[in-house]
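Undergrad: only geometry, no sequence info:
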C-alpha cells in the first residue's frame, strides 16, 4: 500500500496547471501542501472573520503578530502556539515534533521550519507512516 493510498490524494498548492487541469498529488506531497495552506491562510480571530468565511476554523492568527518584534521570547512562543494550534485543529495526520522560526528582517518574511511525523489515523494506537518530515513554510 502506497503513502498516497493511506494519506489521500488531492489538489496541490500553490495551484499550478498540469496538462488539462490543476496539479494533483498524494502522500507526503499532499500533507506538505495542506500545511502550506493552513499556515498561509488568515484564520478567524475575536475581531475578524478570517480569510475563508465558509471555514472559520481553517488558518492561523500568525498574520496578526507578524509585524511585531518576534525577537522577544514571549512573542516567539505566541507565534509557536498559533502554528501548533492551527495544525492540531486542521491536520490530524501530522504529529509535530519541532517548530522553529527564521526571521528575514530585510523583506519582513517569516519562515516556519517544521519537523513532524505523519500518522495514518488520529488514535492512541496510530502507526507512523513517514518519520521526521522536514518542511519550510514562508509567510
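TA: Sure thing, it's come through. The structure presented is a predicted model; accordingly, all values stated were derived computationally and were not measured.
Undergrad: now the lengthiest helix in the chain: buried residues?
TA: Secondary structure of the chain per DSSP state H: the longest helix is helix 73-90. Residues of helix 73-90 classed as buried by neighbour count (16 or more other C-beta atoms under 10 Å): 76, 78, 79, 80, 82, 83, 86, 87, 90. For every residue, glycine as well, the C-beta is placed using N, CA and C.
Undergrad: nearest residue to the last one in space, please, no chain neighbours.
TA: Translated: residue 90. What sits nearest to residue 90 in space, not counting adjacent residues and going by C-beta to C-beta, 6 or more residues apart in numbering, is residue 38, at 4.9 Å.
Undergrad: and for the second one?
TA: In space, not counting the residues next to it along the chain, residue 78 is nearest to residue 65; the distance is 6.1 Å by C-beta to C-beta, 6+ apart.
Undergrad: where do the strands sit along the chain?
TA: 9-11, 17-18, 21-22, 24-26, 94-104, 109-119, 128-138 (DSSP state E).
Undergrad: can I get these in CSV including mean pLDDT, distance to residue 55 and mean neighbour count?
TA: Below are the strands of the chain laid out as CSV (pLDDT from 0 to 100; distance: least, C-beta to C-beta, whole Å; neighbours: other C-beta atoms under 10 Å):
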stretch, mean pLDDT, distance to residue 55, mean neighbour count
strand 9-11, 67, 15, 14
strand 17-18, 74, 25, 10
strand 21-22, 76, 19, 10
strand 24-26, 75, 21, 16
strand 94-104, 88, 18, 14
strand 109-119, 87, 21, 17
strand 128-138, 71, 19, 14
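Undergrad: good, wrapping up.
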